[in-house]
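Peer 1: predicted coordinates and the sequence they were generated for:
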Amino acid sequence: MVPPEQTQQAVGYPSLFLLVVLGALVPLVPTGALVSSAAVVAFHQSSPFALPAVFLVASTAALAGDTALYWLGGRGLGSRGGTRWLTRLQERASPDQLASARRKLDDHGAAVLVVSRLLPGGRVPVMLACLLAPMPLRRFVRADLPACLAWTAAYQLIGLLGGSLFRRPWQGVVAAVVLTVLAGAVPGLWRWVRNHPAPSEGPRTGPGG
């Protein structure tokens, strides 16, 4: 028996908020897939406010999680021995990624946060670059707001696509998760192809050459 929509919403929205916040703090929760799946469920509900509610909850949670992580990392910069949160941020950003993020931050300013939020693995290096700049927390929050809105909209669109392809919500959730995984894998695959070009064939020579 499927629980009524009111029960789904009463349980689903707080769960979505907490999981997205947790996913912003630790890399173990697939927040993009969560937002896409929630959008599928909302798509199949009768309430016209279900999809806007998912967007509001997810974007607010993403901003809250980013803000908390930035604040925790900033505390590490201000202390003599650092903190484990700052150490974790540094471990999740390679020197090359951090150097690239700092260049982009210098060239484009805080607008780079929007792109970094949409690229898998791009959020933490740019956040760390903002910390080292250093960018005040209030300015980071203002710049991160459109990034979180764009991120939520992108994954909600994936969920809408998955929900519109199938009549049953669970089928749409599976489709949305698959689409989310594929969307996350494309940038990494593209970087691998760029860094590993196909070997060019040398000039052919005859038997005596």
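Peer 2: Noted; the coordinates are in hand.

Peer 1: which of the residues in the helix or strand that contains residue 64 are buried?
Peer 2: Element membership of residue 64, judged by DSSP states H and E, is helix 50-78. Within helix 50-78, the residues that count as buried by 16 or more other Cβ atoms under 10 Å are 50-51, 53-55, 57-67, 69-70, 72-74, 76. C-beta coordinates here come from the backbone N, C-alpha and C atoms, glycine included.

Peer 1: pLDDT of the helix or strand just after it, averaged?
Peer 2: Later in the chain than helix 50-78, the nearest helix or strand by DSSP H and E is helix 84-91. The average pLDDT for helix 84-91 rounds to 86.

Peer 1: verify the stated contact: residue 36 with residue 153.
Peer 2: No - using Cβ atoms under 8 Å, residue 36 is not in contact with residue 153; the gap is 11.5 Å.

Peer 1: now for the chain, the helix or strand with the poorest mean pLDDT.
Peer 2: Least confident helix or strand, the chain: helix 169-195 with a mean of 59, by mean pLDDT, DSSP states H and E.

Peer 1: can you list the buried residues in stretch 158-166?
Peer 2: For stretch 158-166, using 16+ other Cβ under 10 Å, the buried residues are 158, 159, 160, 161, 162, 163, 166.

Peer 1: which of those lies closest to residue 20?
Peer 2: residue 159 (13.5 Å; Cβ to Cβ).

Peer 1: tell me the angle of whichever helix or strand the closest one is part of relative to helix 50-78?
Peer 2: Using DSSP H and E, residue 159 sits within helix 137-165. Angle, helix 137-165 to helix 50-78, by axes from the mean of the first three to the mean of the last three Cα atoms, to 10 degrees: 150 degrees.

Peer 1: for helix 137-165, packing partners?
Peer 2: Counting contacts by 3 or more Cβ pairs under 8 Å, 6 or more residues apart in numbering; DSSP states H and E, helix 137-165 is packed against helix 31-43, helix 50-78, helix 112-118, helix 169-195.

Peer 1: which parts of that helix are buried?
Peer 2: Neighbour-count burial for helix 137-165 [16+ other Cβ under 10 Å]: 140-141, 143-145, 147-152, 154-156, 158-163.

Peer 1: again with stretch 112-125
Peer 2: The neighbour-count check on stretch 112-125 (16+ other Cβ under 10 Å) flags 112, 113, 114, 116, 117, 118, 121, 122, 123, 124, 125 as buried.

Peer 1: ok, the last one to residue 113 distance?
Peer 2: In this structure, residue 125 lies at 11 Å from residue 113, with Cβ to Cβ, to the nearest Å as the measure.

Peer 1: try residue 85
Peer 2: As defined by Cβ to Cβ, residue 85 lies at a distance of 19 Å from residue 113.

Peer 1: which elements pack onto whichever strand or helix holds residue 105?
Peer 2: Residue 105 is part of helix 95-108 when elements are defined by DSSP H and E. Judged by 3+ Cβ pairs under 8 Å, 6+ apart, the packing partners of helix 95-108 are helix 112-118, helix 123-132.
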